[in-house]
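**Student:** Quick check, what structure comes out for this input:
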Amino acid sequence: MKYLSAQDIQACFSMKDAIAVDKAALVSYSADQADIPLRTNLDVPDHHGQALFMPGYVRGTQPALGMKIVSVYPDNAQQGLPSVPATMVVMDAHTGIVSAILDGTYLTQLRTGAVQGAATDLLAKTTSKTALLIGTGGQAMSQLLAMLTVRPLTKVYVADRDYAKAQDFVNHATTQFANHFTVTLEAVPDPNAVVADVDIITCVTTAHDPVFDGRLIQPGTHINGVGAYTPAMHEVPTSAITQADRIFVDTEDGTLAEAGDLLAALHDGQIDRSAITGELGQLVNGDVSGRTTDQEITFFKTVGTAVLDVVVASQIVDRATEQGIGTDLN
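**Tutor:** Numbers count the residues shown, from 1 in each chain. Reported below is the predicted structural model:
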C-alpha cells in the first residue's frame, strides 16, 4: 500500500492528465457504468465537526473503486490545523484490498480544476484570449491552471470580495506560472468592470448572492459555475443562466439536488429542465451537441461527484506505481 502526498501527485500527474481523465470519468457516469451512492454525512457535535464519506465504483476495462473521506471541523483553525482535511482511499477493484492512500485535499483541487478545464476545453470559443476568475480561495489556483491549460489566454482578471486577497493571489500565481504560461494576471476591485470584456468567466466562491451582473455578459461568453454546491449558494446570476444557449452539468442528479444558482433559475420559472442541454459526459460521447457558433453563450455547472475522485485517484496510483513514486506503507 502506498501513500501519495500532494507533492507525489504533482510529480507524476499534470492538470492536462487530470482533464483527460475527468472527461473519461464523466463519460462512464453518463453511460451508467458508475455506482456513486449519496455521500454519508456524520455529525460529530461534541467537537463541532462533521465527517463526510463519498464512495464510488466504476465498471469497465479499467475499473476504479474507492472512497474519499472529508472532515469539516471549523475549530481546527484555532489549533493551526486544516479546517477541511481530506483523505482518499483507493482500493483494488479486483481484490477489494486498499492499494493507496492519497492527499485528498490536493486531489479535490486537481479534479475540480480539471472538470472546469474539461468544460472550458469543450465549450469555450477556440479563439478565447481573456478570462475572469472570481474567488481566490483554496480551489482558485487549480481553476486558473485549468483555464490556462486548455486555452492560450493572454489576460486573466482576478476578483474577490476582498481586493487585497485578489492582489495577493495574482502575485503568487504570477510567480508560480511565470515559466509555464505567457499571460498577464490583473486583480480588479469590481468584476463587473471587465465582465463585458472577457471570453470566459469562472466563479469559484461560496457566495449566497450572485457575484457579477449577468446583464453585462456578451455573446460568445463561456461561464463556469464551480463554487456553489448547496441549494443556498448562488454565485452565478439567473440573468446569465437564462441567456445561455447551451447549459451543461457534471451530473444531472447532483446539480438538480444541490446547485443553488441553477435551482433558483428553475424554481423562479426562468428556465425549465429542458434548458439543460445535457451532462458533460454526454457531450464527450457525442450524444449531444456543444457550441455551434462563436456567438453562443455557454454555461457549465458542477457540484462535484465522487466518480471524479475515484477515477482520477486510480489513474494517479497507476502512474505513481509505474514511476516508483510514493511512500510504501507495507
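
**Student:** Can you show me the strands along the stretch 151-300 of the chain?
**Tutor:** Assigned by DSSP state E, counting those that start in this stretch, the strands in the stretch 151-300 of the chain fall at 155-159, 184-187, 200-203, 222-225, 246-249, 276-279, 298-301.

**Student:** partner strands of the second one, parallel or antiparallel?
**Tutor:** Strand 184-187 has the following sheet partners, assigned by DSSP bridges: strand 155-159 (parallel).

**Student:** secondary structure element for the residue nearest to His172 when sequence neighbours are not counted?
**Tutor:** With C-beta to C-beta, 6 or more residues apart in numbering as the criterion, His172 has its nearest non-adjacent residue at 7.8 Å, and that residue is Met141. C-beta here means a position set from N, CA and C on the backbone, and glycine is covered the same way. With elements taken from DSSP states H and E, the one containing Met141 is helix 140-150.

**Student:** Kindly report the same for Leu38.
**Tutor:** In this structure, Leu38 is located outside every helix and strand according to DSSP H and E.

**Student:** Near it, how many other residues are there?
**Tutor:** Using other C-beta atoms under 10 Å as the criterion, Leu38 is surrounded by 11 other residues.

**Student:** same thing with the one 3 residues further on?
**Tutor:** When counting by other C-beta under 10 Å, one arrives at 12 neighbours for Asn41.

**Student:** Which stretches in the stretch 1-150 of the chain count as strands?
**Tutor:** 2-4, 34-35, 40-44, 49-58, 64-72, 86-91, 98-103, 130-134.

**Student:** Next, the angle from the third one to strand 49-58.
**Tutor:** Angle, strand 40-44 to strand 49-58, by axes from the mean of the first three to the mean of the last three C-alpha atoms, to 10 degrees: 160 degrees.

**Student:** Just the buried residues of strand 40-44, please?
**Tutor:** Judged by neighbour count (16 or more other C-beta atoms under 10 Å), strand 40-44 contains no buried residues.

**Student:** Could you tell me which residues make contact with the closest residue to Asp103 other than its chain neighbours?
**Tutor:** The shortest distance from Asp103 to any residue other than its chain neighbours is 4.6 Å, reached at Ala6 (C-beta to C-beta, 6+ apart). Residues near Ala6 by C-beta atoms under 8 Å, 6 or more residues apart in numbering: 103, 105-106.

**Student:** redo that, cut-off 10 Å
**Tutor:** 102-107, 109-110 (C-beta atoms under 10 Å, 6 or more residues apart in numbering).

**Student:** Looking at those, state which has the most neighbours.
**Tutor:** The member of these that has the most neighbours, counting by other C-beta under 10 Å, is Leu110 with 30 neighbours.

**Student:** List the contacts of that one.
**Tutor:** Neighbour list for Leu110: 6, 9-10, 13-15, 17-19, 21-22, 103, 142, 145-146, 308-309, 312-313, 316 [criterion: C-beta under 10 Å, 6+ apart].

**Student:** cool, and Ala193?
**Tutor:** Ala193 touches 132, 157, 159, 216, counting by C-beta under 10 Å, 6+ apart.

**Student:** Nice, that's everything, thank you.
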